Structures are given as C-alpha cells and as structure tokens.
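Peer 1: one predicted model, sequence on top.
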Amino acid sequence: MAIEITEEMKVLVDQALADKYPCILGTASLNGHPNLSYKGSVMVFSTDKLAFWERARKGGFAQLTDNPNVVVLYRNVSLRKAWRFYGRATVHESGEIREEVMKRTVKDELERDPDRLGAAVVITISRITTLGGEVLQETDL
C-alpha cells in the first residue's frame, strides 16, 4: 500500500506553527541515543513526504546523517488530532530540493536563518499511526 498523506493532515501539518502546535522530530544516534526537537517548519512536501528547514544544525542534525530513521509527531490538543509519521530522512545541503524546501518554509522559521545556512530535510514516510499506535497507513521502503 502506498502512503497518501490526507488533505486534513496536509492542512494541519502545514499550519502547525501558526496554530502554536509545532511538530516534534525524533531521531536516534547509531548507538541508540534519542533526541527530540521542535520543528516549526515541517510541511507536507508531497503525498508521501514531509520536509523541514534545518537551521540550527545541532543535536539531532548529526543523527540524521548517521541514522536516517526518524519520527515526526503532530499533535493539536485543541482539535484533538494527532499522528506519528515514521520514515527515512535525506539531507539536502544544496541543489533544487533545498531551494524548493527553503521557498516553502514558513516565514517565521526562515527569518531565524537570515544567512540561509540551513539545509533541507525530506522524510519519505513509511508508516503513519495514531498516538495510540493504530497503523493508519504503511508501506515497505
């Protein structure tokens, strides 16, 4: 089964920062040390991909290249909506994809990187679950 991020997911994820519920990115090092980071620039990049602008290049950023397996948590308590998006991250430090993600990044996040030193991170989604762990969509990668 192919991943198809729903229109509801797209709308809510894309406006998560504006709604004051930024997504949380979970990463892990090769030896299993976890890291969590708020990511205000998470966006739906395509029907099966999320993306964000990585401006800080700290903490979990190094883990992305060592261990690309990640999870993104979206949770809006006001709307009682929440999903976990599992997948593999790819870092784009130059090129067309970096430019596209930068162009689509929310203004508030991009302004925190005035010299545009950040990188684009694209996550190919392999599973979407509820907070309770119910699998909504899954594919083999």
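Peer 2: Great, that's in hand. Only a predicted model underlies this, so the values are computations on that prediction, with no experimental measurement involved.
Peer 1: all contacts plus neighbour counts: C-alpha atoms, from now on.
Peer 2: Fine.
Peer 1: please name the nearest non-neighbouring residue to residue 135.
Peer 2: Counting by Cα to Cα, 6 or more residues apart in numbering, residue 129 is the residue found nearest to residue 135 once chain neighbours are left out, at 4.4 Å.
Peer 1: just the buried residues of the helix or strand of the chain with the lowest mean pLDDT, please?
Peer 2: The weakest-scoring helix or strand in the chain, judged by mean pLDDT, DSSP states H and E, is helix 60-66 (a mean of 83). Along helix 60-66, the positions that meet the burial threshold by neighbour count (16 or more other Cα atoms under 10 Å) are 60-61, 63-64.
Peer 1: then stretch 84-94?
Peer 2: 84-92.
Peer 1: any chance of the residues you listed in a markdown table, plus distance to residue 23 and secondary structure?
Peer 2: Listed next are the buried residues of stretch 84-94 as a markdown table, based on distance: Cα to Cα, whole Å; DSSP: H, G, I helix; E, B strand; the rest coil:
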| residue | distance to residue 23 | secondary structure |
| --- | --- | --- |
| 84 | 10 | strand |
| 85 | 10 | strand |
| 86 | 13 | strand |
| 87 | 15 | strand |
| 88 | 16 | strand |
| 89 | 15 | strand |
| 90 | 18 | strand |
| 91 | 18 | strand |
| 92 | 20 | strand |
